[in-house]
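Colleague: Sharing a model prediction with you, sequence too.
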Amino acid sequence: MTERLILDCDPGHDDALAMILAAGDPRVELLAVTTCAGNQTLPKVTRNALAVCAVAGIDVPVAAGSVGPLVRPQMVAPEIHGESGLDGPVLPEATLELDPRHAVDLIIDVVLAAEPGTVTLVPTGPLTNIALAMRKEPAIVERVKRVVLMGGSYTRGNKTPTAEFNIAADPEAAQAVFSAPWPVTMVGLDLTHQATADTDVVDRIKAIGSPLSSFVVDVLEFFGSTYREQQGFDAPPVHDLCCVAWLGDPEVFTTREAFVAVELTGTWTNGMTVTDFSGLLGQPVNTDVAITLDKQRLWDMTVDAIAALSAQPEVAAR
Ligand code: PIR
Ligand code: CA
């Protein structure tokens with residue numbers, strides 16, 4: 001049984017890798033890509049999504065969504081992802097036409113058209129589109145199989161000491177998603193900071209020797225340079241990739257149940273994902289929290305997916 005997913009993203013270097021794994025791993029089926037303002041503005045991240053589709057030979061509906069958060073002023077991350085949102089590689093012209101629907105409508109249409117319980121939502125940017133889709137068509141909440149989101153953390157943040165960027169960017173949307181009665185998996189920084197693309201990984205990808213593999217190498221090299229300069233990392237953590245990897249192979253990370261709520265009224269802690277593993281708050285469990293990564297599995301499946309896509313005639317010819 002393949003895991004069918006909608007990727008709601010803000011590409012974004014690690015979002016680009018998530019798209020590529022979703023298209024190239026035989027255990028998952030990518031149904032649609034939707035975009036949300038996050039790492040950069042909506043036009044930029046949408047253009048980047050189309051460029052990744054072109055270089056990877058991805059042919060699924062792609063729709064643009066929310067231009068900004070529900071309540072708060074917009075936040076972007078040029079210091080990590082550059083002015084384009086995907087600086088580093090040369091971005092090819094789009095080969096796909098953008099779907100005319102708003103991302104929210106594409107998400108609703110795909111979920112309602114599928115058998116109940118068969119579609120997983122994978123948000124890897126701010127949760128604005130997902131929250132709006134829930135409000136526009138509440139029936140999706142019981143029809144979606146699960147939400148596997150990159151965001152939050154139970155230890156420390158990257159936007160503030162306590163808040164991770166995707167949650168900090170739209171905390172009200174995030175709280176709506178965590179508190180809805182669908183299964184949620186939180187793939188936060190505690191997990192994704194284990195998912196670094198070390199030099200041996202970059203070398204394995206380089207060795208594939210295709211236009212797609214050199215695109216991925218350029219993505220990882222730019223991401224590595226900003227993570228080195230801005231965050232003092234030796235190698236870049238490829239956050240969003242982990243969500244898709246877990247759908248293809250649930251052994252890629254372990255999880256633990258917790259109650260998670262988003263801080264919306266803190267003086268210094270807005271956007272913090274308060275994570276209660278031991279029931280101290282007396283609230284029911286609402287989230288599976290990602291804990292420990294099997295890094296070897298993650299990179300083996302990613303290298304395989306890049307190689308598989310590279311072997312497609314239209315990808316090899318680029
Ligand atoms: C990564 C991101 C934003 C800011 C920084 N500093 C680093 C993006 C990634 O695309 C990922 O989805 C998430 N937001 C990690 O915080
Ligand atoms: Ca992202």
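Modeller: Looks like it came in fine. Ligands and ions are numbered 1, 2, ... in the order given.

Colleague: contacts and neighbour counts: CA atoms only from here.
Modeller: Noted.

Colleague: Low-confidence stretches in the chain?
Modeller: The chain contains residues with pLDDT under 70 at 318.

Colleague: Single out the residue in it that lies closest to ligand 1.
Modeller: Phe165 (4.3 Å; CA to the nearest ligand atom).

Colleague: distance of the residue nearest the centre of the chain from ligand 2?
Modeller: When CA atoms, centre = their mean is applied to the chain, the residue found nearest the centroid is Thr124 (2.4 Å). Thr124 sits 4 Å away from ligand 2, going by CA to the ion, to the nearest Å.

Colleague: Check Asn158 too.
Modeller: From Asn158 to ligand 2 the distance is 13 Å (CA to the ion).

Colleague: try Asp218
Modeller: 17 Å.

Colleague: would you say that residue is within a helix?
Modeller: Yes. Under DSSP: H, G, I helix; E, B strand; the rest coil, Asp218 sits within a helix.

Colleague: Could you tell me how many residues sit around it?
Modeller: By other CA atoms under 10 Å, 19 other residues sit near Asp218.

Colleague: Need the three-state assignment for the closest residue to it other than its chain neighbours.
Modeller: Distances taken as CA to CA, 6 or more residues apart in numbering place Pro89 nearest to Asp218, at 5.0 Å, with adjacent residues excluded. Three-state assignment for Pro89 (three-state DSSP): coil.

Colleague: Show the contacting residues for Pro89.
Modeller: 215-216, 218-219 (CA atoms under 8 Å, 6 or more residues apart in numbering).

Colleague: how close does it get to Ile107?
Modeller: 29 Å (CA to CA, to the nearest Å).

Colleague: Same check on Ser214?
Modeller: Distance of Ser214 to Ile107, computed by CA to CA: 32 Å.

Colleague: The closest residue to Arg4 other than its chain neighbours: how many residues sit nearby?
Modeller: Nearest residue to Arg4 in three dimensions, chain neighbours excluded: Glu29, at 4.6 Å (CA to CA, 6+ apart). A count of nearby residues for Glu29, using other CA under 10 Å, gives 20.

Colleague: For Thr196, give me phi and psi.
Modeller: Note on Thr196: its backbone torsions stand at phi -80, psi 140 [degrees, to the nearest 10].

Colleague: repeat for His81
Modeller: phi -110, psi 0.

Colleague: Correct me if wrong: it contacts Asp10.
Modeller: No. His81 lies out of contact with Asp10 (CA atoms under 8 Å); the separation is 10.5 Å.

Colleague: Tell me which of the two has more neighbours.
Modeller: Between His81 and Asp10, Asp10 has the larger neighbour count (other CA under 10 Å), namely 31 against 23.

Colleague: Next one: that one from ligand 2, what distance?
Modeller: From Asp10 to ligand 2 the distance is 5 Å (CA to the ion).

Colleague: so Thr275 is in which element?
Modeller: Using DSSP states H and E, the element containing Thr275 is strand 273-276.

Colleague: Secondary structure class of the closest residue to Asp190 other than its chain neighbours, three-state.
Modeller: With sequence-adjacent residues excluded and distances taken as CA to CA, 6+ apart, Asp190 is closest to Ser153, at 5.7 Å. Under three-state DSSP, the three-state class of Ser153 is coil.

Colleague: ok now do Ser153, which residues does it touch?
Modeller: 163-164, 187-190, 272-273.

Colleague: residue contacts, the spatially closest residue to Leu5 that is not a sequence neighbour?
Modeller: Distances taken as CA to CA, 6+ apart put Thr120 closest to Leu5, at 4.7 Å, once the chain neighbours are dropped. By CA under 8 Å, 6+ apart, Thr120 lies in contact with 3-6, 144-148.
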